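**Q** kindly generate the corresponding structure for this input.
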Amino acid sequence: MDDGTLQSLPDDPGLLKQLLLERGQHLAERDHRIAGLELDKLRLQHQLMQALRKLYGPRGDTLSSGTVGDVAQLPLEFATALEALPEELADLPSAMDSSGLDSATIDPATIRRVKRRGRRDLSSDEFDHLPMIRHEHDLNEVDKPCPCCHQPRVKIGEESSWQIEYIPGYFQRIEHVRLKYACRHFEQNALNPHIELADKPIQPVEKGMAGPGLLAYVVTAKYADYLPLYRLENIFARNGFEIDRVTQCLWCRDVAGIIKPLYDRMIQRVLGGHVIHTDDTVMPMLAPGKTRQARLWVYVGDEANPYNLFDFTISRSRDGPATFLRGYDQVIVADAYGGYDGICLEGGITQAGCWAHARRKFVEARDLSPKIVDEALLLIGKLFTIERQAREKALNSTDRFQLRQSHAQPIIAELRDKLPMWKQSLLPKHPVAQAIGYVLNQWKPLTAFLADGTIAIHNNLAEQEMKRIALNRKNSLFVGNERGGHTAAILSSLTSTARRHGIDPQIYLTQLLTNLPSTPLSQLDDWLPDRWKPPTTGV
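**A** Numbers count the residues shown, from 1 in each chain. Alright, predicted model coming up:
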């Protein structure tokens, strides 16, 4: 402060105090604006890192020594990263624990996938399920005599090598001929000849062109392999028989109608279980002017009712899950979708949360407050370590409950004490504060697993199914109408459940479409995916 400024100050102490107060208020407002700008800067950096990570980074909730500069290098390192993507920490094998290291403190970025090295032995028992053709390569007759004495040489052994081959699929025309019989004696006497026509097996689509195998292939290709119908149209044309995509779409609708009773039975079984995992994702539906953001919901049954069910709704309102879960009063594992609160309250349902969601929010904000986030992730990581130990030991629900009470409960209590302190040290709109707020707001659902050994700590089972739906959505873009959405839900349920049980959906659906039309309802359970036995001699 120069002499001129000092001389301009008033001599009155009261006025000096007022000037100091005004200056202090001005400085406080400036500091507040600076803090707000810094927070905006952090938020923009956070959004930039999230966008780059989404485009080029690993998909798991993994960490690295990331800064904004490091994340900016992701596009340049993308090709290298594909060769060595980090594994999910929660999915690491138990061998990692044998080193004596705390797996919650291991840097996941240092862990790499183990790749199969060398050529696979095609002669091993692993490939006995594949047909084998033996080609013998013999010497020409002129080469068999000894070049010195010209006596015939004898066979003393053989050398073999193996090769794998692929035989493309092909179409077959099948003519169904129904023989007709009549009584010549009655006919010659101008009487009723009692004409009798042989029966033909009931077909999946009466008077339809497609056989069960072709229908099963179209459904498997679209809902298990995620091929859009226009690509199938080109594949079929290349194989010598064109099938319009509209025709294929109608076939999918017909197949969904045939297996609807089995789908309804699976719903009954899942709703009769103790735990259901649920999630939802966008399924665009054509509408006048633009597509409508319809939804596809998944409901994953427990081990006693092992079915993956999908339900289509035209919006994300609570009416969809409320209708599906009507009468259910056990446990659902879900994200923080607000519609579940009222459904659970009205139906007496226990709502369990997902620690994978909570962990992901901390991982996404780590670069903005590493110290707090690392400590939070360390505690959350210990919860996942306990769950992995329970899974490796194949503990039943009672033993898992006891393990959680003795090991997970203290960790939860420590988190509950530290989360409010961490939140108070941050600005309210700070991304880490928002991550902490998510955990605190969802505290009751997130801690529900402590009271029930059958409840999972995360909702990854449902999320995995949503990722597959997203892949199908990326290829097929949308459903044509509401009926098409329900068709997608039914067929996705069967193919997803078949995958869950390690069943080839092509074989399963072929057998199902061949036999289900003539199966009485009393025998419907025999065709549920978990009870069906694949044929031993092919379809």
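**Q** going by C-alpha atoms from here, please, whenever you check contacts or count neighbours.
**A** OK.
**Q** could you pull up phi and psi at the most centrally placed residue in the chain?
**A** When Cα atoms, centre = their mean is applied to the chain, the residue found nearest the centroid is Gln464 (1.8 Å). Phi and psi for Gln464, reported as degrees, to the nearest 10, are phi -60, psi -40.
**Q** those helices in the stretch 401-539 of the chain, which residues are they?
**A** Listed from the start of the chain, the stretch 401-539 of the chain has helices (DSSP state H, counting those that start in this stretch) covering 409-424, 431-441, 443-446, 460-476, 482-500, 505-515.
**Q** mind listing what's buried along the second one?
**A** It refers to helix 431-441. 431-437, 439 (16 or more other Cα atoms under 10 Å).
**Q** could I get the residues you listed as CSV with pLDDT and distance to Phe310?
**A** Converted to CSV, these look like this (pLDDT from 0 to 100; distance: Cα to Cα, whole Å):
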residue, pLDDT, distance to Phe310
Pro431, 88, 33
Val432, 91, 34
Ala433, 92, 35
Gln434, 92, 32
Ala435, 93, 30
Ile436, 95, 32
Gly437, 95, 31
Val439, 95, 28
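**Q** test my guess that Glu196 contacts Ala182.
**A** Yes: the pair formed by Glu196 and Ala182 meets the contact definition of Cα atoms under 8 Å, at 6.4 Å.
**Q** is it fair to say Val298 lies in a strand?
**A** Yes: under DSSP: H, G, I helix; E, B strand; the rest coil, Val298 sits within a strand.
**Q** for Gln151, find the nearest of the helices of the stretch 401-539 of the chain.
**A** Between Gln151 and the helices of the stretch 401-539 of the chain, the tightest spacing by Cα to Cα is seen for helix 505-515, at 55.6 Å.
**Q** now the strand ranked longest in the chain - C-alpha only, CSV.
**A** In the chain, assigned by DSSP state E, the strand with the most residues is strand 275-286. Taking C-alpha atoms only, strand 275-286 is exported to CSV below (Å, rounded to 0.1, in the frame of the first residue of the first chain):
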residue,chain,number,x,y,z
VAL,A,275,-33.8,-63.3,-4.9
ILE,A,276,-34.2,-61.6,-8.2
HIS,A,277,-31.5,-59.4,-9.9
THR,A,278,-33.0,-56.7,-12.1
ASP,A,279,-31.8,-53.9,-14.4
ASP,A,280,-33.0,-52.1,-17.5
THR,A,281,-31.7,-50.5,-20.6
VAL,A,282,-33.0,-48.5,-23.6
MET,A,283,-34.6,-50.4,-26.4
PRO,A,284,-35.6,-47.8,-29.1
MET,A,285,-39.0,-48.4,-30.8
LEU,A,286,-40.1,-46.9,-34.1
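**Q** out of the helices of the stretch 401-539 of the chain, which gets nearest to Arg326?
**A** Checking the helices of the stretch 401-539 of the chain against Arg326 by Cα to Cα gives helix 482-500 as the closest, at 18.5 Å.
**Q** which helices and strands sit right next to the biggest helix by length in the chain?
**A** Longest helix of the chain, by residue count under DSSP state H: helix 13-56. Using 3 or more Cα pairs under 8 Å, 6 or more residues apart in numbering; DSSP states H and E as the contact criterion, the neighbours of helix 13-56 among helices and strands are helix 68-72.
**Q** cutoff 6 Å now
**A** In terms of contact count using 3 or more Cα pairs under 6 Å, 6 or more residues apart in numbering; DSSP states H and E, helix 13-56 is assigned no packing partners among helices or strands.
**Q** give me the mean pLDDT for that helix.
**A** Model confidence over helix 13-56 averages 78 on the pLDDT scale.
**Q** what angle separates that helix from helix 431-441?
**A** For helix 13-56 against helix 431-441, the angle by axes from the mean of the first three to the mean of the last three Cα atoms, to 10 degrees is 80 degrees.
**Q** helix 13-56: how far from the chain's middle?
**A** Averaged C-alpha coordinates place helix 13-56 at 42 Å from its chain's average position (Cα atoms, centre = their mean, to the nearest Å).
**Q** coming back round to it: switch the helices of the stretch 401-539 of the chain over to TSV; also include distance to Arg253.
**A** What follows is those, written out as TSV (distance: least, Cα to Cα, whole Å):
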stretch	distance to Arg253
helix 409-424	49
helix 431-441	42
helix 443-446	39
helix 460-476	16
helix 482-500	6
helix 505-515	13
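**Q** mind listing what Phe478 touches?
**A** The neighbours of Phe478, taking Cα atoms under 6 Å, 6 or more residues apart in numbering as the test, are 284-285.
**Q** can we see that at 10 Å?
**A** Contacts for Phe478 (Cα atoms under 10 Å, 6 or more residues apart in numbering) come out as 282-286, 291-294, 472, 484-485.
**Q** and these, which are buried?
**A** Buried residues within the contacts of Phe478, defined by neighbour count using 16+ other Cα under 10 Å: 282-286, 292-294, 472, 484-485.
**Q** which of those residues sits closest to Ser124?
**A** Looking at the buried ones among the contacts of Phe478 and their distance to Ser124, the nearest is Asn472, at 35.6 Å (Cα to Cα).
**Q** would you mind measuring from the closest one to Arg316?
**A** From Asn472 across to Arg316, the span is 19 Å (Cα to Cα, to the nearest Å).
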